[in-house]
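> any chance you could fold what I've pasted below:
(one chain, ligands or ions: 2)
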Amino acid sequence: MKKLLMLSFLISAGSFGQSSLNAKIDKSADKIESKVIDWRRDFHKHPELGNQEFRTAKIVADHLRSLGMEVTENVAVTGVVGILRGSKPGPMVALRADMDALPVAERNDLPFRSVNTGTYNGQETGIMHACGHDSHVAILMGVAEVLAGMKKQLEGSVKFIFQPAEEGIYEPGVTTFGAKQMVEEGVMTDVDAIFGLHIWAAIEAGKIGYRSGPFMAGVDNLEVTITGTQAHGASPWSGVDPIVTSAQAILGLQTILSRNVNIAENPAVVTVGAIHGGIRHNIIPEKVEMIGTIRTFGEEQQTLVHQRIHEIITNIAKSAGAKADVKIGKLYPSTVNPPELTDKMLPSLNAAAGIGNVISMDPVTGSEDFSFFQKEKPGFFIFLGGMKKGGDPLTTPSHHTPDFYIDEAGFVLGVRALSYFVVDYMGMKK
Ligand SMILES: [Zn+2]
Ligand SMILES: [Zn+2]
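Ligands and ions are numbered 1, 2, ... in the order given. Okay, the predicted model is just below:
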């Protein structure tokens with residue numbers, strides 16, 4: 001009897017890794033799992049491009065309203081913000097999901113495969129949730145329901161941010177991102193911390209990936225014009241050849257990563273993706289144009305890489321007697337998890353997934369506009385496993401491809417992890 005009493009004391013004290021608060025969340029998360037999967041399948045079947053998420057936003061807003069939240073629609077075009085006010089005072093914790101799909105024609109043979117097509121930059125295209133944002137919306141709707149059921153206990157408030165256009169809007173003269181616009185419209189002003197996740201096709205369902213510090217790359221666009229002096233191809237000495245100059249400049253750029261960046265600390269990428277110059281075999285053209293992409297981790301590295309690109313291209317052109325015009329357009333900042341917040345939230349991840357299922361990851365050279373929220377307030381971003389158990393991360397179809405596929409078995413862990421973040425950040429007693 002004494003032993004039994006002791007055992008029950010230990011369980012209620014959380015010594016077995018399961019607090020009563022977490023148990024309550026787990027129970028509601030399990031209960032809502034099939035609803036989350038149904039929502040996701042519906043969104044998957046009806047994907048919408050960035051800033052056109054009208055149907056998705058309506059479903060989200062109706063759901064949040066049905067849970068008794070204060071809801072604002074049309075934030076940053078199609079975004080939805082819901083506020084769940086807890087009964088006790090405390091911080092405002094934000095959770096974010098992105099809602100947009102991509103101009104990709106789905107190739108999966110699923111009962112809920114995408115039925116939508118549309119026009120993207122003037123081209124007819126299929127539309128597909130080829131990055132998994134359908135999962136994010138469904139999971140966050142699930143979290144909203146779980147936490148709304150704990151309203152009386154919550155020691156603080158929760159802001160549910162459903163943002164449009166994470167993949168960015170690239171139209172002639174307009175480049176923008178949903179998160180950036182939401183920040184500009186003030187969604188972060190009263191927020192203390194923000195959390196978000198991305199479903200990840202190369203991590204097994206049931207696992208979570210994270211990284212302390214720079215996690216995903218910052219992205220910038222490179223545009224270069226090298227101007228020489230046109231000449232007959234038979235007498236190059238009578239002109240200044242921008243083609244040879246561009247070739248030297250491209251090779252010169254390779255030394256930024258091999259000789260300037262501390263690659264032991266963080267990687268970086270400089271890719272020239274297109275080069276155009278000339279029209280005929282025996283004409284040295286006047287101009288060569290090049291475009292490319294730059295991936296960096298953190299502001300310090302970004303500044304160094306940008307500076308070296310300018311110096312290398314400008315000076316190589318100068319040495320040839322040519323002129324260089326170098327433009328770098330800043331797109332996404334690097335997604336950086338502040339080490340202090342990461343350390344604080346790691347126990348929540350371990351509790352949600354189990355210690356062996358939480359993986360510290362290498363930096364990812366892809367990017368996320370969640371970084372715009374992180375520039376305002378401390379934010380923690382994680383990857384949620386979406387690969388079938390036993391799958392091969394190297395051969396599993398990657399994000400943004402027509403065969404992209406997500407195993408829904410990982411969703412319930414996403415619901416639990418985000419809910420744990422909220423109650424743990426609020427410092428609620430277990
Ligand atoms: Zn994407
Ligand atoms: Zn994405």
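> quick check: closest non-adjacent residue to residue 408.
The shortest distance from residue 408 to any non-neighbouring residue, by Cβ to Cβ, 6 or more residues apart in numbering, is to residue 37 (4.9 Å). The C-beta positions use only the backbone N, C-alpha and C, and glycine is treated the same way.
> how near is the one you found to residue 380?
25 Å (Cβ to Cβ, to the nearest Å).
> quick one: list the elements packing against the helix or strand in which residue 421 is found.
Per DSSP states H and E, residue 421 falls inside helix 411-425. For helix 411-425, the packing partners by 3 or more Cβ pairs under 8 Å, 6 or more residues apart in numbering; DSSP states H and E come out as helix 20-45, strand 88-98, helix 133-148, strand 193-204, helix 339-353, strand 379-387.
> can you redo the ones you listed as TSV with mean neighbour count and mean pLDDT?
Below are those laid out as TSV (neighbours: other Cβ atoms under 10 Å; pLDDT from 0 to 100):
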stretch	mean neighbour count	mean pLDDT
helix 20-45	18	97
strand 88-98	21	98
helix 133-148	26	98
strand 193-204	24	98
helix 339-353	18	98
strand 379-387	25	98
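> can you map out the strands along the stretch 251-400 of the chain?
269-277, 283-284, 287-296, 323-332, 335-337, 358-360, 379-387 (DSSP state E, counting those that start in this stretch).
> same list, these, but as TSV with distance to residue 216 please.
Shown next, in TSV, are the strands of the stretch 251-400 of the chain (distance: least, Cβ to Cβ, whole Å):
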stretch	distance to residue 216
strand 269-277	12
strand 283-284	42
strand 287-296	9
strand 323-332	8
strand 335-337	4
strand 358-360	14
strand 379-387	8
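> residues contacting whichever strand or helix holds residue 182, please?
Following DSSP H and E, one finds residue 182 within helix 178-184. Contacts to helix 178-184, defined as Cβ atoms under 8 Å, 6 or more residues apart in numbering, come from residues 50-51, 75-77, 79, 96, 98, 100, 161, 163-166, 188, 369-373, 375-376.
> and with 6 Å instead?
Contacts to helix 178-184, defined as Cβ atoms under 6 Å, 6 or more residues apart in numbering, come from residues 76, 79, 163, 164, 165, 166, 369, 372, 373, 376.
> buried residues in it, which are they?
Across helix 178-184, burial judged by 16 or more other Cβ atoms under 10 Å covers 178, 179, 180, 181, 182, 183.
> report the central residue of the protein.
residue 368 (2.8 Å; Cα atoms, centre = their mean).
> check what pLDDT that one gets.
Per-residue confidence at residue 368 stands at 97 (pLDDT).
> the strands of the stretch 251-400 of the chain: which one's closest to residue 137?
Ranking these by proximity to residue 137 (Cβ to Cβ) places strand 379-387 first, at 13.3 Å.
> now the helix holding residue 421 against strand 379-387, angle please.
Put simply, helix 411-425 runs at 160 degrees to strand 379-387, going by axes from the mean of the first three to the mean of the last three Cα atoms, to 10 degrees.
> same question for helix 411-425, mean pLDDT?
Averaged across helix 411-425, pLDDT comes to 98.
> with stretch 259-279 instead?
The predicted model assigns stretch 259-279 a mean pLDDT of 96.
> now what about that stretch, what contacts it?
Contacts of stretch 259-279 (Cβ under 6 Å, 6+ apart): 214, 243, 250, 253, 256-257, 285, 288-297, 301, 305, 308, 363, 365.
> try stretch 378-395
193-210, 335, 337-338, 341, 345, 370, 373, 396, 406-407, 410, 414.
> with just CA atoms, put it into CSV.
Coordinates of each C-alpha in stretch 378-395 appear next as CSV, following Å, rounded to 0.1, in the frame of the first residue of the first chain:
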residue,chain,number,x,y,z
PRO,A,378,12.4,35.8,-30.1
GLY,A,379,11.2,32.9,-32.2
PHE,A,380,11.8,29.2,-32.4
PHE,A,381,11.4,27.2,-35.5
ILE,A,382,11.4,23.4,-35.8
PHE,A,383,11.0,20.7,-38.5
LEU,A,384,8.3,18.1,-38.0
GLY,A,385,9.0,14.6,-39.5
GLY,A,386,6.7,13.8,-42.4
MET,A,387,8.5,10.8,-44.0
LYS,A,388,7.1,7.3,-43.8
LYS,A,389,8.9,5.2,-41.2
GLY,A,390,11.9,3.4,-42.8
GLY,A,391,11.9,5.8,-45.8
ASP,A,392,15.2,6.9,-47.3
PRO,A,393,15.7,10.7,-46.9
LEU,A,394,18.0,10.7,-49.9
THR,A,395,15.5,9.3,-52.4
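> distance check, residue 409 against residue 265.
Distance from residue 409 to residue 265, by Cβ to Cβ: 36 Å.
> looking at the two, which has the bigger crowd around it?
residue 409 (17 against 14; other Cβ atoms under 10 Å).
> for that one, list the residues it contacts.
Listed by Cβ under 6 Å, 6+ apart, the contact set of residue 409 reads residue 205.
> residue 278: how many residues sit nearby?
Residues lying near residue 278 (other Cβ under 10 Å) number 16.
> how about it, phi and psi?
With angles defined as degrees, to the nearest 10, residue 278 sits at phi 90, psi 160.
> now the helices for the stretch 151-300 of the chain?
With DSSP state H, counting those that start in this stretch as the criterion, the stretch 151-300 of the chain has helices at 178-184, 242-255, 299-320.
> name the stretch among those that sits most buried.
Of all the helices of the stretch 151-300 of the chain, helix 178-184 has the most neighbours on average by mean count of other Cβ atoms under 10 Å, namely a mean of 23.
> quick check: the closest residue to residue 202 other than its chain neighbours vs residue 311, distance?
Nearest residue to residue 202, sequence neighbours excluded (Cβ to Cβ, 6+ apart): residue 393, at 3.8 Å. Residue 393 sits 38 Å away from residue 311, going by Cβ to Cβ.
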